[in-house]
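Participant: fold the following, please.
(2 chains)
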Amino acid sequence: QSALTQPASVSGSPGQSITISCTGTSSDIGDNKYVSWYQHHPGKAPKLLIYDVNKRPSEFSDRFAGSKSGNTASLTISGLQADDEADYYCSSYTTNDTPYVFGTGTRVTVL
Amino acid sequence: QVQLQESGPGLVKPSQTLPLTCTVSGGSISSGIHYWTWTRQIPGKGLEWIGYIYYSGRTYFNPSLRSRLTMSVDTSKNQFSLNLTSVTAADTAVYYCARTAPSHNHFDYWGQGIQVTVSS
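Facilitator: Okay, the predicted model is just below:
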């Protein structure tokens, strides 16, 4: 099972919007609604940011939005803030031998 | 608030067994609602799902690690554990435990991770 493909890094200025892509296959992202995203500040516990493609835990504001088209999922962060600087990982349930696969991770830098 | 905390050795010699434990607080492993999961992040790579265990002891492992992996659960201590045998430098990683919500197939709570280095 290959990892989902994410850009290694994305950057933006405060207040701007950025989008992180997560590309998989018809056996994972393209096959179900169980796509999730995680925010990870190094040294801390990763946090669930988005689940079921576009749902958000109450902890996170609507500045964070998830979507999916075909085999690609996306995370959009609007109104970029300094605290958004972190690593972001996507994940999908799969129909392969390994039920869960993660993305390669994206480092978001706020300029 | 559910919290998970990994514990174990930070350094393991090649060919030895890596034992890790995850202690859960703020929620019961015995609730039967969740799976209890191990993942790892190998340097320069993304996250890798290792496997999960249910409170009953039922397990599901990554096929690439299955031959070297065992997991157990201690409901009296609200802990679950991993043992990875015959480790090599390729097993050097940050290991995370997490709670899996099977109804949504996501990981809703994580530990902060433990760095494990395999070296002589």
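Participant: compute the first-to-last residue distance for stretch A:40-54.
Facilitator: In terms of Cα to Cα, to the nearest Å, the two terminal residues of stretch A:40-54 are separated by 18 Å.
Participant: what average pLDDT does that stretch get?
Facilitator: Per-residue confidence for stretch A:40-54 averages out to 95 on the pLDDT scale.
Participant: tell me if A:Lys33 really is in a strand.
Facilitator: No - when the secondary structure is assigned by DSSP: H, G, I helix; E, B strand; the rest coil, A:Lys33 falls in coil instead of a strand.
Participant: ok, it to A:Thr104 distance?
Facilitator: Distance, A:Lys33 to A:Thr104, by Cβ to Cβ, to the nearest Å: 22 Å. (Glycine included, C-beta is placed from N, CA and C.)
Participant: which one of those two is surrounded by more residues?
Facilitator: A:Thr104 (19 against 15; other Cβ atoms under 10 Å in any protein chain shown).
Participant: list the contacts for that one?
Facilitator: By Cβ atoms under 8 Å, 6 or more residues apart in numbering or on different chains, the residues touching A:Thr104 are A:3-6, A:8, B:45-46.
Participant: same thing but 10 Å
Facilitator: By Cβ atoms under 10 Å, 6 or more residues apart in numbering or on different chains, the residues touching A:Thr104 are A:2-8, A:22-23, A:89-90, B:44-47.
Participant: hmm, which of those are the buried ones?
Facilitator: Among these, those classed as buried by 16 or more other Cβ atoms under 10 Å in any protein chain shown are A:3-4, A:6-7, A:22-23, A:89-90, B:46-47.
Participant: name the residues of stretch B:82-99 that are buried.
Facilitator: Along stretch B:82-99, these residues count as buried under the neighbour rule (16+ other Cβ under 10 Å): B:82, B:84, B:87, B:91-99.
Participant: is that stretch anywhere near chain A?
Facilitator: Yes - if you take Cβ under 10 Å from any Cβ of the partner chain as the test, stretch B:82-99 does meet chain A, through B:94, B:96-99.
Participant: and whichever strand or helix holds B:Gln5, what's buried?
Facilitator: Counting by DSSP states H and E, the element that carries B:Gln5 is strand B:3-7. With burial defined by 16+ other Cβ under 10 Å, the residues of strand B:3-7 counted as buried are B:4, B:6.
Participant: by contact count, what packs against the helix or strand just after that strand?
Facilitator: Sequence order places strand B:11-12 as the next helix or strand after strand B:3-7, per DSSP H and E. Packing partners of strand B:11-12 (3 or more Cβ pairs under 10 Å, 6 or more residues apart in numbering or on different chains; DSSP states H and E): strand B:114-118.
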